[in-house]
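A.B. asks: Next input, structure requested:
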Amino acid sequence: MYVVRVPNRGSAPAVLLRESYRDAGKVKNRTLANLSAWPEAKVDALARVLKGQQPAAAVEGTFEVTRSLPHGHVAAVLGTLRALGVEELIDPVPSRQRDLVTAMAVAQVIAPDSKLAIARGLQPGTAASSLGEVLRLGSCDEDDLYAAMDWLAARQDRIEDALAARHLAGGTLVLYDVSSAAFEGRTCPLGAIGHPKDGVRGRLQIVYGLLTSKEGIPVAIEVFAGNTGDPKTVAAQVGKVKDRFGLTRVVLVGDRGMLTAARLREDVGPAGLDWITALRAPQVKALVRDGALQLSLFDQTDLAEITHPDYPGERLVACKNPFLEAERARKRESLLAATETDLGKIAAAVQRDRRPLRGAGKIALRADRVLRRRKVAKHFTIAITDTSFSYARNTGSITAEAALDGIYVLRTSVDPGGLDSGEVVASYKALAQVERAFRAFNTDLDIRPIRHRTETRVRAHVFLRMLSYYLTWHLHARLAPILFTDDDKPAAQATRPSPVAPATRSPRALGKAAAKRTHDDLPVHSLASLLTDLATICLNQIQPADPALPGFRIVTTPTPTQRHALDLLSASHRLGTA
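C.D. replies: Numbers count the residues shown, from 1 in each chain. Got it, this is the predicted structure:
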């Protein structure tokens, strides 16, 4: 900022307070206040302060900062949302409802919270950031947000269709998986006891299925009752991909619990979709027993195609991952050791002198509880009488299982998009992208607990989280050079010896992780810590002490790291402040 005197024909020069800033690489100036009415001594004192010189006594009390709102993270996330055209996806016509939906999607990225807390953070008197100010929402409460959710629910199909047109081509991989989220209350018909995938047991829940592109970009999400099995969600996705999205050539990728034989036969096959999934462990054992899968195949290679009459017109891709082999061996030994410890306690209880454990039934009940806890009963042999208990490892069972450690078999249609064996493996491994989205839903975006009572609002709640993750995905992609995210995927892929081998990080990513600095000597952040850093850019409301002079707003000057982050996002820290 600086003070300038502008010649004024026929009168004294105008004294203006101005600010210089960069916009799209160009230096621009704007006037913040007209100081012509100030005494000369006061103007000179302010000019000295702005030049970094010792302040004069006359400047004391000249300005007051009446409000300072965290703004930089809002400018980054909202700027990215607008650059991606998400507002137009939500609704082409500007409206207050669209602005409220936008505010909720952005708020879940910068500070996930309940609708009540978000509403308070948007209100002028209790604002937690500049989001409400930038979107010019004025006063709003949680009822306004609930109404906006109802408005959004009616537009979900159209938004998903637009996302599919943007991110799914005519012949592409479509990834699909399901997760669950704990549910509060008992009135919503979607809430039910089911198999929890988020670790929250004994609670009502919902199940939701997510469709993404091969890169993991979310395209569509659907909510099911909490007791819905994974395979039962497939038919709806097949119809969505073929009928609503109108894709002509699709490869649907799902895990072995999702794309079961029945679903392939009744839903996926009749729709003409190609697919990739995996065999279950008993099916792999059957292939080994029948001689179709010979373990000696893996002496020279970690990848081979095989055939079997039980899978006519299909391709089976057998893989062996030595890293997975070692991990399974480690985990099995850990479970066996922990089980032996618990069985040893039972044996000690049977042999103790005081009040020993007696009765074959009682001893068997305790032993069965221990063996079931870690699902290793098949790896132990036990002997029980009314007065004795002994156990030993079943080495034959352990050896037989260990022979298949690290081996898995992918099952796919004959020509899934023209992919070779290595590409089939890479495509199946891409399901990790969907799992990454679920982790974000359950941690960064706080999808649970769900407190809405109506089915429509539960669906809108989950869809809002998908829109927020859409923003998060693109933030990670654009900010990768200054995040711990690997920003040199081709180099990482080049260091990978085989599609079966675990993913590796590029030398650049390893360097960032080791030094905690970028090649430009800027600090490396996680997305959360970077947003926290950006939040220190504040939107400040300045009020001159002279009541005759108007107030004005000043945005904190970004640090080099903050400016670089905003440049990567093609966003301006002055978003919404003009």
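
A.B. asks: What is the lowest-mean-pLDDT helix or strand in the chain packed up against?
C.D. replies: Here the helix or strand of the chain ranked lowest by mean pLDDT, DSSP states H and E is helix 40-50, holding a mean of 79. When contacts are defined as 3 or more CB pairs under 8 Å, 6 or more residues apart in numbering; DSSP states H and E, helix 40-50 packs onto strand 2-8. Glycine gets a C-beta too; all of them are placed from N, C-alpha and C.

A.B. asks: buried residues in the least confident helix or strand of the chain?
C.D. replies: Lys42, Val43, Ala45, Leu46, Ala47, Arg48, Val49 (16 or more other CB atoms under 10 Å).

A.B. asks: what does stretch 332-345 give?
C.D. replies: For stretch 332-345, using 16+ other CB under 10 Å, the buried residues are Arg332, Leu336, Thr339, Glu340, Leu343.

A.B. asks: how close does the fourth one get to Val27?
C.D. replies: Noted for Glu340: a distance of 73 Å to Val27, by CB to CB, to the nearest Å.

A.B. asks: Look up the closest residue to the residue most central in space within the chain, ignoring the ones flanking it.
C.D. replies: Nearest to the mean C-alpha position of the chain, by CA atoms, centre = their mean, lies Ala440 at 3.0 Å. Sequence neighbours aside, Tyr469 is the residue nearest to Ala440 in space, at 5.5 Å (criterion: CB to CB, 6 or more residues apart in numbering).

A.B. asks: Give me the three-state assignment for the one you found.
C.D. replies: helix (DSSP: H, G, I helix; E, B strand; the rest coil).

A.B. asks: And it, how close does it get to Arg352?
C.D. replies: Tyr469 is 56 Å from Arg352, by CB to CB.

A.B. asks: neighbour count winner among these two?
C.D. replies: Tyr469 (27 against 10; other CB atoms under 10 Å).

A.B. asks: ok, back up a step: adding pLDDT, write the buried residues of stretch 332-345 out as a markdown table.
C.D. replies: Output for the buried residues of stretch 332-345, formatted as a markdown table (pLDDT from 0 to 100):
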| residue | pLDDT |
| --- | --- |
| Arg332 | 95 |
| Leu336 | 96 |
| Thr339 | 96 |
| Glu340 | 96 |
| Leu343 | 96 |
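
A.B. asks: Next step: these restricted to helices.
C.D. replies: Arg332, Leu336, Thr339, Glu340, Leu343 (DSSP state H).

A.B. asks: can you tell me which residues contact the first one?
C.D. replies: When you say that, I think you mean Arg332. Val376, His379, Ile398, Glu401, Ala402, Asp405 (CB atoms under 8 Å, 6 or more residues apart in numbering).

A.B. asks: low-scoring stretches of the stretch 51-200 of the chain, by residue?
C.D. replies: Low-confidence segments of the stretch 51-200 of the chain, defined by pLDDT under 70: 52-61, 170.

A.B. asks: hmm, back to that, and the contacts of Arg332, which two are furthest apart?
C.D. replies: Val376 and Asp405 (14.7 Å; CB to CB).

A.B. asks: Of those two, which one has the most company?
C.D. replies: More neighbours surround Val376 than the other of Val376 and Asp405, with 21 against 18 (other CB under 10 Å).

A.B. asks: My read is that that one contacts Leu336, right?
C.D. replies: Yes. Using CB atoms under 8 Å, Val376 is in contact with Leu336, at 6.0 Å.

A.B. asks: For Lys512, grab the count of nearby residues.
C.D. replies: Lys512 has 24 neighbouring residues, counting by other CB under 10 Å.

A.B. asks: Could you double-check that Thr228 sits in contact with Gly194?
C.D. replies: Yes. Proximity of Thr228 to Gly194 meets the contact threshold set by CB under 8 Å, at 7.0 Å.

A.B. asks: Give me the common contacts of these two.
C.D. replies: Common neighbours of Thr228 and Gly194 (CB under 8 Å, 6+ apart) are Val207.

A.B. asks: and after the least confident helix or strand of the chain, which helix or strand comes next?
C.D. replies: The C-terminal neighbour of helix 40-50 among helices and strands, as given by DSSP states H and E, is strand 63-70.

A.B. asks: so that next one versus helix 40-50, what angle?
C.D. replies: 40 degrees (axes from the mean of the first three to the mean of the last three CA atoms, to 10 degrees).

A.B. asks: buried stuff in strand 63-70?
C.D. replies: Within strand 63-70, the residues scored as buried using 16+ other CB under 10 Å are Phe63, Arg67, Leu69, Pro70.

A.B. asks: Reformat these as TSV; add distance to Glu435.
C.D. replies: Listed next are these as TSV, based on distance: CB to CB, whole Å:
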residue	distance to Glu435
Phe63	52
Arg67	42
Leu69	36
Pro70	32
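
A.B. asks: Arg393 - how many residues pack around it?
C.D. replies: By the criterion of other CB under 10 Å, Arg393 has 14 neighbours.
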